[in-house]
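Student: Sequence first, predicted model second:
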Amino acid sequence: MAGLNIVIKQLMKEKRDVVLSILFSFIAGIAAVGLFTASGYLISQAALGVPITALTVVIAIVKLLGFTRALSRYSERYFSHRATFTMLSHIRVQFFEKLQNLTPSKVQRFRTGDLLSRFVSDVESLQNFFLRIFYPPIVLVLIFLSTVLFTLYFSFWIALLLVVGLLLSTVVLPALFAKVRQTTEQPVQEKRSDLSAQATELLFGYQDLKIHQKLADQSEAFNTANDDLIQAQTKERKHELLNQVLDGWIGLLMAWAVLAVGGWLITSGQMEGVWLAMFMLLTLTVFENTQPMAAFPQYFLENKKAANRIFFKEDEAVSEPTQPLGDAGAIDISFRGVDFTYPDEPRSTLKNVNLSIPSGSKTAFVGASGSGKSTLLQLILKLEEASGEVYINSQAISQMTPESLWQQTNTVMQDQQFFAGTIRDNLLSDASDEQLTYALKRARLSNFSLTDEVYEKGDNLSGGEKQRLAIARLFLRDANLWLLDEPTSSLDQVTAREVMTEILRDAENDTFVIVSHNLRGLENMDQIIVMDHGEVVEQGTFDELMARKGYFYQLKEIERDTL
Amino acid sequence: MLLKPLIKRQTYIQLSIVSIVMALTIIAQAYLIVSIIEAIFLSNASFSAILPSLGLLLFVISLRAGMNYLNGVIGLHAANQAKKKLRNRVLSHFTKQPVDLSSQGRSGEKVTQLINVVEQTDSYFSQYIPKMIQATIVPLAILAIIFTQNWVSGVIILLTAPFIPLFMAIIGMKTKDKSEEQLNELSSFSGQFLDSLQGLTTLKLFGQSDREKSRIEDSSINFRQATLGVLAVAFTSAFMMELISMLSMGLIALELALGLIIFDTITFATAFFILLLAPEFYIALKDLSSAFHSGRESLTASKKLEEQLNEPVEELTWGEASLTSRPPRIQLNGVSFAYDESETVQDVSATIEAGSFVAIVGKSGAGKTTLLHLIARLLPVHSGDIFVNDIEQDQLGEQAWFNELSYISQHPYIFSGTIYDNIQMSKPSATKEDIDHAAKEAGLQPLIDLLEDGLHTVIGEGGRGLSGGEKQRVALARAFLKQPSIILFDEPTTGLDLKTEQVLNESITKLAEDATLITVAHRMHTIQKADQIIVMDEGRVVGTGQHDMLRKSNATYQSLIGDVAGGERDGWS
């Protein structure tokens, strides 16, 4: 419920729309009831033969009610949808804020899983919250309350019947179905992700399946998963259908009961015959309002889950870092006994790492993929938290506010992100157009203009273009620490060399750390740190390491051999 | 139209019958209600006299509910059948496509088409068709009955009713394009939000996350305005419909009242009967409009699928022949293939002797991998021929060919399953010993020893992640198990640890002992060992021969190996 409370709080920022939605919805509902009640009264009176003037008045009322109903329905829809969309906007912003405030390592965790896209669809599903969960029950109760009070004036028993019917269709039936539903809901989602997994294997592993002649087997597995999904869906939807149909049936049943009870009351002389048609029509109409409640439990459960996922409880914050990193020009870094293991990984990624990077020095981390080089950078950036301590300018990083650190850092990460928008948007800078264009030029991206479109995730850019765009971002910032994770791996040698020269021109007096597969051009590095399976296996200058003829030397031999 | 043929005739018949019965129950319900009220109100009947009618009415309303249920179930089954067929058809379209072209269309997008887009066609079968049939039969039946009772009311309905579809059509036409646009915008809007969430780290590193927050807010509000604009039109159409039906029901009531009191032409029973049926008529018409609406999303989805299915398929054909001798000799005669700029091979001729070792070299984008795919017959040759032991390649049986082939790519795919399963896939008949042996040969033993479940550790999606080097070793183990007579190898460019490098070298040498080996080569020592080097540039072969010859005479080759041969190259610092 905690999640939904937050949703309600966001919704209540739009109080005016909420109240108007409820008001108009009530008017529309009660107008319909009044309309049919009046019609029933009209026809019965007509049969008895009353003056035409009296009838004219009733007919006029009927028409007025009809018009009121149509107009109110329109207003209700307008206001309720506006409230919903505004609420979603608030929730998006709030969720973004929430992620913003999380520790970077937690955000990293979300990114690697499929969690973020789930959050997005969770937010989307909350559009049902106001429209189908929040106000329909309120309106329903209001309409029934008015109707029952009206009926009570004429007959206690018929009023009682209405209350019984309401309870049947809004409490008993939903409770019954919700109970069964809880046991059946899981399989459909499970089966759907099964099917999705099978499709993924088939399409992503296509080449290997084809060569190993397993395509038919995998197609078969897909079809089986498809059948399973459809079977589960059928079960669930038959269930929903039954719920809906029974709900409609209860409405008719109540009209029938009113007819029977009314008939008995009239024949036994406790009520006048002229009211029977009126109450029958009243009952038929008022129970139309309970129909949308059939789906209530389903939406409620769904929204509750979604809201709880979006507004998950954060773990107790481990003493918020308070110290900012002092702006002291060049930066030095040291690792003291750092161990790091990713959650749910049996093997540790870093083992007892000790190293130091003096201020103004140029350092390269080298080693195979999976050796832990990139993790070292993430630790320096506080994107992950390790045991042991990393110090920056002798300040423990664990006590440091990450923003102050990032402000002084120029970073290219391996999975640099790009956004739907223009090249200008993606440069993430407020600099002038001239400066932006110049940065593009320095990153060897002159063929792009600032207004060129970039798709979601930069999907329309090649790997090399993305890297150069990420580098162009750096030319627009003034920072003392450079942390580059294979910044030029997708560029051809000539371009890579040109771009690196540009970078080093800016970084001349700064502390510069690069992660590289590439062992070329490391001759002028102040130190090279060689990683293998999470451990520092060698460190020294290029010449020292070559003279030692150890791990680095062998890697270099292989590379020398590579075109 | 993709969806319509997927519905069986039988379904239409069933739905029609159900709708007819439903119409009958609606009429009977009104009739019974009227007769009960009339009996009590005007005829002063006793309570016991109305009991039979009450009983019948209970039966009729239950039957009506039953028909509603049946109608839904028939639609559900129709949707199931159709989705099953559609998924099959889309899948077989994907699997007919040759390898490279198939990965071209981005596998992730294809998964979406196969799962979500097909799912979106559901409402066409489960909602649109059943409701359309119901909304045609029920109003007609009601109208017919009203005409038999009081033709004036019938005429009023007949005159006013056409305005409803008319308004729907006018408004519908206007909003259709707009609302489709809106639907697209909705999905791209969600995409943008996801973009912002995923880019959060980058944004924070660049101190731009607050700016992004206000961007989210702005675009949410803009989106709200746009959506409300479209919805307002839809709401107006509902408003108009309601107004028309209210207006005509008012007219009917007026007419009935006049007939009942002043002209004395109608009885109470008839008047009440019509008063009960008229709303049912308009409700049925309204259902028609909601049916239209529910069909729309399906039609957009159907269009997407149709586009996909209409994409030409370059199907590969196979013959029956089997390999006459192993390892085979492969000959390329003027082979060409063109897909896009990066995947072009032009007029390539070469002879790869049985059991020889051929290295393909060239800059990236020179067509090396495409050529490898053509030799593997994962792609169709557009012109020219490939001969395998003097048999045209397309005369070979698919199984006969792939049984002889291992392809070790730079990024082998690891399937969700155990390491054991992942190795076994290359030879299903293999025994436990064979697989153990293959794993050892591929240098997987250290990894297996480290794992609690050893060979039976689950890897791939949903399992343990493997490093690039470990994936390579799994691919090697597959090859060791298969013992192929042709090996196609895309040598890794970067990123392996020393150990994997060593394992790869030794393994390939060992595997190649009894096989024809064709490598897209990046290592000088690999190239130097080759019996023949094929030098490619912009899709063409610009030289063949051995290292010593090419380094003297071939300019492209010289520039390719220039750095390596010339000793240390200059760095970037």
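Tutor: Arrived safely, thanks for sending.
Student: Tell me who's in contact with the residue lying closest to B:Met132 once chain neighbours are set aside.
Tutor: Ranked by CB to CB, 6 or more residues apart in numbering or on different chains and with sequence neighbours excluded, the top spatial neighbour of B:Met132 is B:Ala291, at 5.3 Å. The way it works is simple: take the backbone N, C-alpha and C, and place the C-beta from them, glycine included. With contacts defined as CB atoms under 8 Å, 6 or more residues apart in numbering or on different chains, B:Ala291 is in contact with B:127-128, B:131-132, B:135.
Student: Could you look up the SS state of residue 488?
Tutor: In the absence of a named chain, this looks at chain A. coil (DSSP: H, G, I helix; E, B strand; the rest coil).
Student: you looked at the wrong chain, it should be chain B
Tutor: Using three-state DSSP, the structure places B:Leu488 in strand.
Student: Check the gap between it and A:Phe204 for me.
Tutor: Between B:Leu488 and A:Phe204 the computed distance is 20 Å (CB to CB, to the nearest Å).
Student: Which of the two has more residues huddled nearby?
Tutor: B:Leu488 (23 against 19; other CB atoms under 10 Å in any protein chain shown).
Student: so B:Val535 bridges to which residues?
Tutor: Assessed by DSSP bridges, B:Val535 has beta-bridge partners B:Val361, B:Gly543.
Student: ok, which stretches of the chain are strands?
Tutor: Since no chain was named, I'll use chain A. A:333-340, A:350-357, A:362-366, A:387-392, A:395-396, A:409-412, A:421-422, A:453-454, A:481-485, A:511-516, A:527-532, A:535-540 (DSSP state E).
Student: nope, chain B please
Tutor: Counting by DSSP E, the strands of chain B are B:330-338, B:344-352, B:357-362, B:383-388, B:391-392, B:405-408, B:417-418, B:458-459, B:486-490, B:516-520, B:532-537, B:540-545.
Student: Make TSV out of those and add mean pLDDT.
Tutor: As requested, the strands of chain B are exported to TSV (pLDDT from 0 to 100):
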stretch	mean pLDDT
strand B:330-338	92
strand B:344-352	91
strand B:357-362	93
strand B:383-388	93
strand B:391-392	92
strand B:405-408	92
strand B:417-418	90
strand B:458-459	86
strand B:486-490	93
strand B:516-520	94
strand B:532-537	93
strand B:540-545	92
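Student: Would you format those as TSV with distance to B:Phe273 included?
Tutor: Shown next, in TSV, are the strands of chain B (distance: least, CB to CB, whole Å):
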stretch	distance to B:Phe273
strand B:330-338	74
strand B:344-352	78
strand B:357-362	86
strand B:383-388	78
strand B:391-392	81
strand B:405-408	77
strand B:417-418	68
strand B:458-459	69
strand B:486-490	80
strand B:516-520	84
strand B:532-537	86
strand B:540-545	86
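Student: Of these, which is nearest A:Thr200?
Tutor: strand B:417-418 (13.3 Å; CB to CB).
Student: what does the domain assignment say about the chain?
Tutor: I went with chain A, as the question did not name one. A:2-310, A:333-560 (automatic domain parsing).
Student: let's do chain B instead
Tutor: Domain ranges of chain B: B:1-150+B:298-312, B:153-265, B:355-565, per automatic domain parsing.
Student: tell me, how many neighbours does B:Glu538 end up with?
Tutor: By other CB under 10 Å, neighbour count at B:Glu538 equals 14.
Student: got CSV for the domains of chain B, with distance to A:Ser193 too?
Tutor: Below are the domains of chain B laid out as CSV (distance: least, CB to CB, whole Å):
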stretch, distance to A:Ser193
domain B:1-150+B:298-312, 9
domain B:153-265, 18
domain B:355-565, 10
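Student: Lowest average confidence across those domains, which one?
Tutor: Sorting the domains of chain B by mean pLDDT places domain B:153-265 lowest, at a mean of 79.
Student: Could you work out the end-to-end span of it for me?
Tutor: Using CA to CA, to the nearest Å, the end-to-end distance of domain B:153-265 comes out at 13 Å.
Student: In the stretch 451-563 of chain A, which residue sits nearest chain B?
Tutor: Nearest residue of the stretch 451-563 of chain A to chain B (CB to the nearest CB) works out as A:Gly521 at 2.4 Å.
Student: Is there any residue in stretch B:196-215 that contacts chain A?
Tutor: Yes - using CB under 8 Å from any CB of the partner chain, stretch B:196-215 reaches chain A at B:196-209, B:212-213.
Student: ok, of these, which come out buried?
Tutor: Neighbour-count burial (16 or more other CB atoms under 10 Å in any protein chain shown) applied to the residues of stretch B:196-215 next to chain A gives B:196-206, B:208-209, B:212-213.
Student: Which of those fall within helices?
Tutor: If you go by DSSP state H, these have B:196-198, B:200-205, B:209, B:212-213 in helices.
Student: for those residues, which one is nearest B:Ile115?
Tutor: For these, the nearest to B:Ile115 is B:Gln198 (21.2 Å; CB to CB).
Student: isn't the closest one right next to A:Lys457, touching?
Tutor: Yes - contact criterion CB atoms under 8 Å: B:Gln198 and A:Lys457 qualify, at 7.3 Å.
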